[in-house]
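[1] Below are the sequence and a predicted model for it; my questions follow.
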Amino acid sequence: MTPTYRFLLFTTALGASLMMSCNLPKHATVQPSDTVPVSFNNSSADSSSMAVVPMATFYKDSLLRMLIDEVLTNNMDINIAIQNIEMSRAYFRSARTAFAPTLSGLGSASATTYGKYTMEGVGNQETNATPGLSKDQMVGTHPTPNYWLGLSSTWELDFWGKMHYQKKAARSRLLASQQGKNWMVSQLVAQTARLYYELITLDNESIIIDENIKLQEHALRIVESQKEAGRATELAVQQFNAQMLNTETAKHKIRQQIRILENQLNQLRGKYTGEVKRSKLMKFNLHFEDYTEAGIPTDMLSKRMDVQQAFATLKASQADALAARAALFPSVSLSGYLAFNAFSGNLLFTAASLGNQLLGGVSAPLFQQRQLRTQYLVHTAEQKAAFFYYQKVAINAYQEVANHLFGIDSYKKLIALKKDEVIALDKGVGISEDLYLTGYATYLEIVAAQKSKLEAQLELLNFQMNRIHNHIDLYKSLGGGWQ
């Protein structure tokens, strides 16, 4: 057995003994400490989920779908997320090639004049004086040339799995960046839909206010005629006039809110200005009621992009800790070269000038142990933090779904009650005017009846909008809206 292979065998044996004497860190569990409930809000478990419904099917409003497509095409945050994915993919490709040996092509040429009293100078003269040396083997001394052209390679043997875990961490971070981008898409879709229906709500509020202004103008004319007949005072006229002005003020506030929401949507779709086309409906189209299946919590956790992103980040942190642990052990490497080497350019590419070398080496971090152990402790803490964050995201996802399901049911009941209230108050406005004309009611009762009706109508609109928001958020919370 040659000395080279004896050294390689010794290195392998040394590494094996060190591996047996050291325990690698254990993987942290990735399941939440608290058992995931079998259903949401103690409802019956059903595996069907609205999260699988395509976005184009869930959002039936064609103008909204066009707006969403525009946002997903031009939004700056999505474009940034895409570039983050490309960076993660590049890091993964780099880590994937860490297993492969390096191969370099090298070439050099030098001319050195050695001093008369140097080891090299004396050695060259002794070499040239060697008996039986051919003319081709004589070294030039004024100066001494040297030519080298060949290939060199190094290969670090991954005994402890350091490069394997680095590759695993890079792959997990790539998956995390992809899931992060999907989660961002889902959030942007939901945000766009929420703003869209808020605009429709404000449009409807403006219509309702216009209708109430007409009623208030009619009531004002009645009071003014009553004043002329001596049956009402100037105070009553001014009260009705003040009420109408207050309603006009509310209309201008709504216009301001509409402009703010339009600007927000323009920002989402990457524009400075632009018209936001939307449906002009007096009544909301509650087609969202077709989709209320929440599925089971464990399926939701597998579909939620932020949960999967946290899971991938946890896996990356685990791999980082294992890679940091492996860095504490000695590294074993092989190196070698195959090259033409000669002191004469005419002899460089001859068979006799071809040489090679194979070298095995082992290096242990002796004085860097403290730094390497510190890095290991840091990565271990990051792993634990990633585990707790994963638990936090999973619990938050469950709570979001549960809250939105409860909100949908609650607003359904509130809307039914508020509709009956609006009908009753509408009748009350007409009755108050009739009673005022016959002297059985005061002008203040008319003012109060009109104000109550307007407030109830606006509150009904907001209940309807909030219910739609809960449907949109439920769809997002279950993991839909990113495909």
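    That came through, no problem.

[2] domains in the chain, as residue ranges please.
    Domain ranges of the chain: 30-100+160-329+378-477, 102-157+333-363, per automatic domain parsing.

[3] Give the rounded mean pLDDT of the shortest one.
    Along domain 102-157+333-363, the predicted confidence averages to a pLDDT of 83.

[4] now do the same end-to-end measure for it.
    Using Cα to Cα, to the nearest Å, the end-to-end distance of domain 102-157+333-363 comes out at 18 Å.

[5] What's the end-to-end length of stretch 268-280?
    End to end - Cα to Cα - stretch 268-280 spans 22 Å.

[6] Output the contacting helices and strands for the helix or strand in which L151 is found.
    Assigned by DSSP states H and E, L151 belongs to strand 144-157. For strand 144-157, the packing partners by 3 or more Cβ pairs under 8 Å, 6 or more residues apart in numbering; DSSP states H and E come out as strand 102-112, strand 331-342. Glycine gets a C-beta too; all of them are placed from N, C-alpha and C.

[7] partner strands of it, parallel or antiparallel?
    When pairing is defined by DSSP bridges, strand 144-157 lines up against strand 102-112 (antiparallel), strand 331-342 (antiparallel).

[8] nearest spatial neighbour of the most centrally placed residue in the chain, skipping sequence neighbours?
    Nearest to the mean C-alpha position of the chain, counting by Cα atoms, centre = their mean, stands G180 at 2.3 Å. Excluding its sequence neighbours, the residue lying closest to G180 (Cβ to Cβ, 6 or more residues apart in numbering) is Q309, at 4.9 Å.

[9] next one: V185
    W482 (4.3 Å).

[10] quick revisit: can you tell me which of the helices and strands packed on strand 144-157 is most buried?
    strand 331-342 (a mean of 17; mean count of other Cβ atoms under 10 Å).

[11] what's the following helix or strand after that strand?
    Downstream of strand 331-342, the first helix or strand assigned by DSSP H and E is strand 354-363.

[12] Off-centre distance for that next one?
    47 Å (Cα atoms, centre = their mean, to the nearest Å).

[13] any weak-confidence spans in the stretch 151-300 of the chain?
    For the stretch 151-300 of the chain, the stretches flagged by pLDDT under 70 are 281-286.

[14] so the residue nearest to the centre of the chain makes contact with A81?
    Yes. Between G180 and A81 there is a contact at 6.4 Å, judged by Cβ atoms under 8 Å.

[15] buried stuff in stretch 231-239?
    In terms of neighbour count (16 or more other Cβ atoms under 10 Å), stretch 231-239 has its buried residues at 232, 236-237, 239.

[16] Please enumerate residues in contact with that stretch?
    Stretch 231-239 has contacts (Cβ atoms under 8 Å, 6 or more residues apart in numbering) with 220, 223-224, 226-227, 439, 443-444, 447.

[17] Phi and psi next, for T438.
    The phi/psi pair for T438 (degrees, to the nearest 10) reads phi -100, psi 0.

[18] who's in contact with it?
    When the contact criterion is Cβ under 8 Å, 6+ apart, T438 has no partners at all.

[19] Tell me where the stretch 101-250 of the chain has helices.
    Assigned by DSSP state H, counting those that start in this stretch, the stretch 101-250 of the chain shows helices spanning 119-128, 162-228, 234-268.

[20] which residues are contacting the first one?
    Among residues not part of helix 119-128, those counted as contacts by Cβ under 8 Å, 6+ apart are 112, 114-116, 133, 138-139, 141, 144.

[21] ok, L67 to A111 distance?
    From L67 across to A111, the span is 73 Å (Cβ to Cβ, to the nearest Å).

[22] Which residue is the nearest non-sequential neighbour of Q450?
    That would be V429: by Cβ to Cβ, 6+ apart, it lies 5.7 Å from Q450.

[23] For the one you found, grab phi and psi.
    Torsion angles at V429 (phi, psi; degrees, to the nearest 10) stand at phi -60, psi -50.

[24] wait, isn't it in contact with L215?
    Yes. V429 is within contact range of L215, at 6.8 Å (criterion: Cβ under 8 Å).

[25] Can you check which residues contact both of these two?
    The contact lists of V429 and L215 share Q450, where a contact means Cβ under 8 Å, 6+ apart.

[26] Check whether E400 really touches L478, as I assumed.
    No. With contact defined as Cβ under 8 Å, E400 does not reach L478; the gap is 9.1 Å.

[27] give the contact list for the residue nearest to the centre of the chain.
    With Cβ under 8 Å, 6+ apart, G180 has these contacts: 81, 84, 305-306, 309.

[28] for S110, same thing?
    Shown in contact with S110 (Cβ under 8 Å, 6+ apart): 145-146.

[29] mind running it again at 7 Å?
    By Cβ atoms under 7 Å, 6 or more residues apart in numbering, the contact set of S110 is N146.

[30] okay, now N356: neighbour count?
    By other Cβ atoms under 10 Å, the residues close to N356 number 10.
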